[in-house]
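Engineer: what shape does this take:
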Amino acid sequence: MFEVVSDVENYAKFLPFCRKSVVHSRTEKELLGELEVGFPPVVESYVSKVTLVKPYLVKADCTDGRLFHHLTTTWRFTKPPLRDAKRFPNSCSVHFYVSFEFKSLLHSQLANIFFDHLVTEMEAAFYKEAYKRYGTPTKLDTDTPT
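Structural biologist: Residues are numbered from 1 along each chain as shown. Reported below is the predicted structural model:
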């Protein structure tokens, strides 16, 4: 899952509502990425610094300040408990956290209406992409996004 979540260059190919994804710079430990997201007539772009700790963490912090007062997303990946490791060799537990505050009242209201739906669709898109790349998942548990 780390490889899928850290593949920001290809987000526009598999994430709903992501219209464009560009990585401006990348090292082993971080990248600077720009996403264009939304659906007409509301389409916005923002830049994030993404911290990479392979294979455990992908954390993105919005850096441009145009759209958000703050936006942080954190993906943590942990190994299954030892008792499950043999039964579920291609698994990890996924812990997802997001915190954001839009600058615009309109964006805030839209987020309140569509947030749960958007998160559910995004989560499904990441899992579907992992399936395409790696085959049948062995799902243990996921945390409910907050």
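Engineer: distance of Thr27 relative to Gly135?
Structural biologist: Computed with C-beta to C-beta, to the nearest Å, the distance linking Thr27 and Gly135 is 30 Å. To be clear about C-beta, it is placed using only N, CA and C from the backbone, and glycine gets the same treatment.
Engineer: show the residue spans covered by the strands in this protein.
Structural biologist: Under the criterion DSSP state E, the chain carries strands at the ranges 18-26, 30-39, 42-53, 57-62, 68-78, 93-102.
Engineer: how big is the angle separating the longest one from strand 30-39?
Structural biologist: Counting by axes from the mean of the first three to the mean of the last three C-alpha atoms, to 10 degrees, strand 42-53 points 150 degrees away from the direction of strand 30-39.
Engineer: adjacent strands (with direction) for strand 42-53?
Structural biologist: Taking DSSP bridges as the criterion, strand 42-53 forms sheet pairs with strand 30-39 (antiparallel), strand 57-62 (antiparallel).
Engineer: got the CA coordinates for the last one in PDB?
Structural biologist: Taking C-alpha atoms only, strand 57-62 is exported to PDB below (Å, rounded to 0.1, in the frame of the first residue of the first chain):
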ATOM      1  CA  LEU A  57       4.300   6.300   6.500                       C
ATOM      2  CA  VAL A  58       3.100   8.800   3.800                       C
ATOM      3  CA  LYS A  59       2.300  12.200   5.300                       C
ATOM      4  CA  ALA A  60       1.200  15.200   3.200                       C
ATOM      5  CA  ASP A  61       1.100  18.800   4.400                       C
ATOM      6  CA  CYS A  62      -0.400  21.500   2.100                       C
END
